[in-house]
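Trainee: Need a 3D model of the following:
(2 chains)
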Amino acid sequence: MATPLKRVRGLGAARHGTETFWRQRLTAVANVPLVIFLIWFVVSHAGASYEVVKASLANPVVSVLMLAMIWSAAIHMRIGLREIIEDYLHNKLCKVSSLMLATFFSAGLAIASTLAVLKISLGG
Amino acid sequence: MVQFTLPKNSKIKKGKEWNPPAVDADPDRWREYRVYRYDPEGGENPRVDTYWVDMNDCGPMVLDALIWIKNKIDPTLTFRRSCREGVCGSCSMNIDGTNTLACTMHAEEAQGAAIAIYPLPHMPVVKDLVPDMTQFYAQHREIEPWLKTDSPTPQKEWRQSHEDREKLDGLYECILCACCSTACPSYWWNGDRYLGPAVLLQANRWVEDSRDERTGERLDDLEDPFRLYRCHTILNCTKACPKGLNPAAAIANLKRKMVERL
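Mentor: Just a heads-up that it's a prediction; the model follows:
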């Protein structure tokens, strides 16, 4: 029996969202050169031996760029996944659990990739 | 999960063919209209009825054809209309696959041989082509679309420079027909929380108004992952607007303002 205005107002404005919006734009811009770099790196090492690729990855500049790409892409992916889940999943339990899984997945991927790059660059 | 298919009682069935023209009738003279019909009191599923309109006896616009059908064939056909010149926004509906105003759409503009007419998408239907706009109007009310000031009211009027007045061009012309909002997938899936392009364009109209003194509060009330940020810049709104406005640009301006004050 709630009035239309009461329904529309709901719990009020969350007063946040702009930082996420900005972060999404920022990582999108960062991803352009970083992904181009990644593609260039993969293509230029096509057919190269394990040792050569490992040595290239251990280069500090390459390592820094790889780490930047991993985190920029992971943050961007986390925001994108959240948008998709919020758009299409309306069941509360399904939505909350999917949001948690999306966060765990993005974080897990980023942490594992970071560890791999660090291991190589620090001579592990 | 978002409901992509229609519920059982909303599935559209084949309807009645009202006045098929004679076999030897001039095909250029008769235009086929397929119109969505639904009466919630009848308890039956919606159907699509077919009418043939004598273009020699009818005005050129789609609204003329609907009025012709109502007057000459089927008086039970229900639709909203008022100004018949694109000012009131009453006759917004989905014609030939696009949300637009029946009064400003020329029948000849329709691509299909038969002109399909449905109510605005994803809105509850009151009857036939009449959608329930209650939520849409409540959302408009929610953004408080009036001048809000704290300074003492001037003796004459709130003054505005020509330059500041020009900033409202492309915003004040909105007639709230809801063609844009009901063309927006984000509004379809989350219309209960996302305000939609029409209402956000109106919100931007008041944020941009140099006379309004509550800009910050207005932005506070919009800053929400759903109210504003459910817009994914799909641009259906801008494509659909029968007044040639650009709600997507208005929303982008609101987001820009939000970032400016970070």
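
Trainee: How much space separates the nearest residue to B:Phe226 once chain neighbours are set aside from B:Glu142?
Mentor: With sequence-adjacent residues excluded and distances taken as C-beta to C-beta, 6 or more residues apart in numbering or on different chains, B:Phe226 is closest to B:Arg193, at 3.7 Å. For the C-beta atoms, the positions are set from N, CA and C on the backbone; glycine is no exception. With distances taken as C-beta to C-beta, to the nearest Å, B:Arg193 is found 11 Å from B:Glu142.

Trainee: higher neighbour count, these two?
Mentor: Legend: neighbour count by other C-beta atoms under 10 Å in any protein chain shown for B:Arg193 and B:Glu142, higher for B:Glu142 (20 against 17).

Trainee: which residue ranges form the helices in chain A?
Mentor: Applying DSSP state H to chain A gives helices spanning A:4-9, A:18-44, A:50-58, A:60-88, A:92-121.

Trainee: give the contact list for the residue of chain A at minimum distance from chain B.
Mentor: Closest contact between chain A and chain B, by C-beta to the nearest C-beta, is at A:Pro4 (3.6 Å). Shown in contact with A:Pro4 (C-beta atoms under 8 Å, 6 or more residues apart in numbering or on different chains): B:Thr134, B:Gln135, B:Tyr137, B:Ala138.

Trainee: got it, and B:Trp189?
Mentor: Contacts of B:Trp189 (C-beta under 8 Å, 6+ apart): A:Asp87, A:Tyr88, A:His90, B:Val2.

Trainee: which non-adjacent residue is nearest B:Pro145?
Mentor: Per C-beta to C-beta, 6+ apart, closest to B:Pro145 is B:Gln202, 5.3 Å.

Trainee: For that neighbour, give its distance to B:Phe136.
Mentor: With C-beta to C-beta as the criterion, B:Gln202 and B:Phe136 are 11 Å apart.

Trainee: Can you list phi and psi of B:Trp125 for me?
Mentor: Slight slip there: residue B:125 is Val, not Trp. Backbone geometry at B:Val125, expressed as degrees, to the nearest 10, gives phi -100, psi 130.

Trainee: could you list every residue that touches the nearest residue to B:Pro40 once chain neighbours are set aside?
Mentor: Residue nearest to B:Pro40 in three dimensions, not counting chain neighbours: B:Lys127, with 6.9 Å by C-beta to C-beta, 6+ apart. Listed by C-beta under 8 Å, 6+ apart, the contact partners of B:Lys127 are B:Tyr38, B:Asp39, B:Pro40, B:Thr78.

Trainee: Which residue, other than its chain neighbours, is closest to B:Leu120?
Mentor: B:Leu120 sits nearest to B:Thr182 (C-beta to C-beta, 6+ apart), 4.1 Å away.
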